[in-house]
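1. I need the structure of the sequence given here:
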Amino acid sequence: FSTGIGDLDNDGYNAFITAEWRRQGDIKTSDRDQFMWDNADWRSRGGNDLRVGVPSSINSFLTTANSPFLYNPAGAGGVKNAANFQFLDPSACNYTKYMAGGCTVRDTTTNIQPATENINVMVGLTKKLNNDWELAFKGSMFQRNSINNRGSSYPTTGTFGSFMPSYSPTTVPGNTSLNNGVLVTQIGRVPSTLIPATASYNQLGAPARLYGFIPGVDPVTTIDNTAKTTRFALDLHGSAYGWDVNAAAGVTETKLDLKYSGYIDRLALYNAIFNGSWNPVGGNAPALVDQISPRFSNSLDSKLNYIDMVGSRELMQWGAGPVALGAGVHWHKRQQNAPAASLTANGQVANTSAFVIGDETNSAIFAELQATPIKNLEVGVSSRYDHFDTYGNSFTPAAKFKWSPSKMFGVRGTFARGFRAPNPAEVGNAGSFFTFNAINDPILCKDGHQYTAGNVPSSCGMNPPYVQVTSKDLSPEKSKSYTLGIIV
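-> Residues are numbered from 1 along each chain as shown. The predicted structure follows:
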């Protein structure tokens, strides 16, 4: 929807408003798994069956399936002995069916593309103040709502990498928190998650690993987010005392409200498992499920305010043309307040996203001179001086020329210095966790082969988390550039 009124030339003003609403449905993983290229069963093409719930050499024949199960790792015969397995929901799966790939789980929850809803509104007004001056105002609001829960439909033997949170069969290494540059590791660590032989549902007579999806919780790392950006800007331009003047000012704010679900407090989970209050198959009280998989929220905010003023005029005639001067000032203040979510900050659940808290103020003056000292030769010099409250000052000069001895040929060249100031995410209170290359655990996978006797397969080719932090002493990036070319 768009409409407007007024004619700038005849009425001295004009105004408009435009609004848009758009909703786009989700595309789920299950909407594509009927195609050969996305059904995860690659056996007909010489590969492996990677559907969730299918045991194979890739997962050491131990993987989450449609029924949680116990496995005795100390039992004779290992995974080849049915006596080492106990399926807790035998109506859904048993050893024979499991080994034949008959206990698969279809991902009907996660999105390839989430459902989104957008509301966009923009208004504008331009007013002639007199014959020389004109003022324009623009305001906008853009809002987007979506629910993201992108998971992976490939098998897992551990905590992550599946479309639903799953039990940790051997141990919980704990979470890492990062607050004010201080790392705290192994928060909520559970050294051993083996189900005791004394557990009421453990009929194997020995401590056992528990494999399966955690029932009653949302898809893994589900984020319901609402992003809203508002912007207001004023532009003034006109002429006075021989100067052409352009001035601008504006305020911009982006707010992001996040609601998290599908995260697991694993210390609480295994406390409930060990004290007998948690049923691994399901049917747990909603209050207990909320304790195991707490829902929490976070609000992020980013602001940018700016003022610019530029003036230009001809100073005098020199050589083959006028000498023109342009000069201006600039100011902006950026504020970023995007803290870590509360349960991430205290290490209760795994990391949610990067965080940054910091401000930046920049004041600058700049000027440029252009002249034509002789026929067909244009030259220009410019410079800019910036002051950032985060690190200090930067001075960046530049020069250029263009010589055109004929309409068919020309030579041009430039020289410039440049810089990029470190932003609040680089010098403020900020950090992020990420994964990079796969490595082998030097103790649990000494030779790098998951099938070597004594190695823990999940410790071979694992992707450990890395942490990225900031430095308050970071200097700006600096550059020099030269160009020389011909025009034909």
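2. so C93: helix, strand or coil?
-> coil (DSSP: H, G, I helix; E, B strand; the rest coil).
3. just the pLDDT for it.
-> With respect to pLDDT, C93 scores 97.
4. pretty sure it is touching A65, no?
-> Yes. Contact criterion Cβ atoms under 8 Å: C93 and A65 qualify, at 5.5 Å. (Each C-beta comes from the backbone N, C-alpha and C, glycine too.)
5. so for the two, which sits in the more crowded spot?
-> A65 (26 against 22; other Cβ atoms under 10 Å).
6. and that one, how close does it get to G77?
-> From A65 across to G77, the span is 20 Å (Cβ to Cβ, to the nearest Å).
7. same deal with I17?
-> I17 is 75 Å from G77, by Cβ to Cβ.
8. which of these two has more residues huddled nearby?
-> Each of I17 and G77 has its neighbours counted (other Cβ under 10 Å); I17 has more, 15 against 9.
9. please name the bridge partners of that one.
-> Using DSSP bridges, the bridge partners assigned to I17 are T3, V123.
10. so who does it touch?
-> S2, T3, G4, V121, M122, V123, G124 (Cβ atoms under 8 Å, 6 or more residues apart in numbering).
11. so the third one touches N14, yeah?
-> Read it as G4. Yes. Between G4 and N14 a contact is recorded at 6.3 Å, counting by Cβ under 8 Å.
12. quick one: which of the two has more around it?
-> Using other Cβ under 10 Å, the more surrounded residue of G4 and N14 is N14, with 18 against 13.
13. quick check: the more buried one vs A338, distance?
-> 38 Å.
14. gap between stretch 129-149 and the chain center?
-> Offset of stretch 129-149 from its chain centre (Cα atoms, centre = their mean, to the nearest Å): 25 Å.
15. return the set of buried residues in it.
-> 134-136, 138-140, 142, 144-149 (16 or more other Cβ atoms under 10 Å).
16. repeat that for stretch 3-21.
-> Quick answer for stretch 3-21 (16+ other Cβ under 10 Å): N14.
17. end to end, how far does it reach?
-> Stretch 3-21 stretches 15 Å from its first residue to its last (Cα to Cα, to the nearest Å).
18. what pLDDT, on average, does it get?
-> 95.
19. and stretch 354-373, by the same measure?
-> Across stretch 354-373, pLDDT averages out at 95.
20. export that stretch to CSV, keeping only CA atoms.
-> Taking Å, rounded to 0.1, in the frame of the first residue of the first chain, the C-alpha atoms of stretch 354-373 are listed here in CSV:
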residue,chain,number,x,y,z
ALA,A,354,27.8,-14.0,20.3
PHE,A,355,27.5,-11.1,22.7
VAL,A,356,28.8,-7.5,22.6
ILE,A,357,28.5,-4.5,24.9
GLY,A,358,30.2,-1.3,24.0
ASP,A,359,30.0,2.3,22.7
GLU,A,360,31.8,4.3,20.1
THR,A,361,31.9,8.0,19.4
ASN,A,362,33.5,9.5,16.3
SER,A,363,34.0,13.2,15.4
ALA,A,364,35.6,14.2,12.1
ILE,A,365,36.4,17.1,9.9
PHE,A,366,37.3,16.9,6.2
ALA,A,367,38.0,19.1,3.2
GLU,A,368,38.7,18.8,-0.5
LEU,A,369,40.2,21.2,-3.1
GLN,A,370,39.7,20.7,-6.9
ALA,A,371,41.3,22.8,-9.6
THR,A,372,42.3,22.9,-13.3
PRO,A,373,45.7,24.6,-13.3
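21. next one: it to chain centre, how far?
-> On Cα atoms, centre = their mean, the centre of stretch 354-373 falls 27 Å from the chain's centre.
22. and it, what's buried?
-> In stretch 354-373, counting by 16+ other Cβ under 10 Å, buried: 355-358, 360, 362-364, 366, 368, 370-372.
23. and for stretch 201-213?
-> N202, L204, P207, A208, R209, L210, Y211, G212, F213.
24. report the two of those residues separated the most.
-> Across these, the longest distance by Cβ to Cβ is 21.3 Å; it joins P207 and F213.
25. now, which of the buried residues of stretch 201-213 lie within strands?
-> R209, L210, Y211 (DSSP state E).
26. ok, so of these, who is nearest G410?
-> Of all these, G410 sits closest to Y211, with 73.2 Å by Cβ to Cβ.
27. OK, contacts around N351?
-> Counting by Cβ under 8 Å, 6+ apart, N351 has contacts N175, T176, T344, F433, P465.
28. N284 now?
-> Going by Cβ under 8 Å, 6+ apart, the list of residues near N284 reads P215, G216, W278, I292.
29. rebuild those residues as CSV, extending it with neighbour count and secondary structure.
-> Output for those, formatted as CSV (neighbours: other Cβ atoms under 10 Å; DSSP: H, G, I helix; E, B strand; the rest coil):
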residue, neighbour count, secondary structure
P215, 17, coil
G216, 16, coil
W278, 21, coil
I292, 24, helix
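30. need those residues in JSON lines with pLDDT and distance to N48, can you?
-> As requested, these are arranged in JSON lines below (pLDDT from 0 to 100; distance: Cβ to Cβ, whole Å):
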{"residue": "P215", "pLDDT": "94", "distance to N48": "27"}
{"residue": "G216", "pLDDT": "93", "distance to N48": "31"}
{"residue": "W278", "pLDDT": "97", "distance to N48": "33"}
{"residue": "I292", "pLDDT": "96", "distance to N48": "32"}
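31. adding distance to P322, write those residues out as TSV.
-> Putting the contacts of N284 into TSV (distance: Cβ to Cβ, whole Å) gives the following:
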residue	distance to P322
P215	79
G216	77
W278	83
I292	76
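32. what's the closest of the buried residues of stretch 201-213 to N423?
-> Closest to N423, out of all of the buried residues of stretch 201-213 and judged by Cβ to Cβ, is F213, at 40.9 Å.
33. L178 against P339, yeah?
-> No. The pair L178 and P339 does not pass the contact test of Cβ under 8 Å, sitting 11.3 Å apart.
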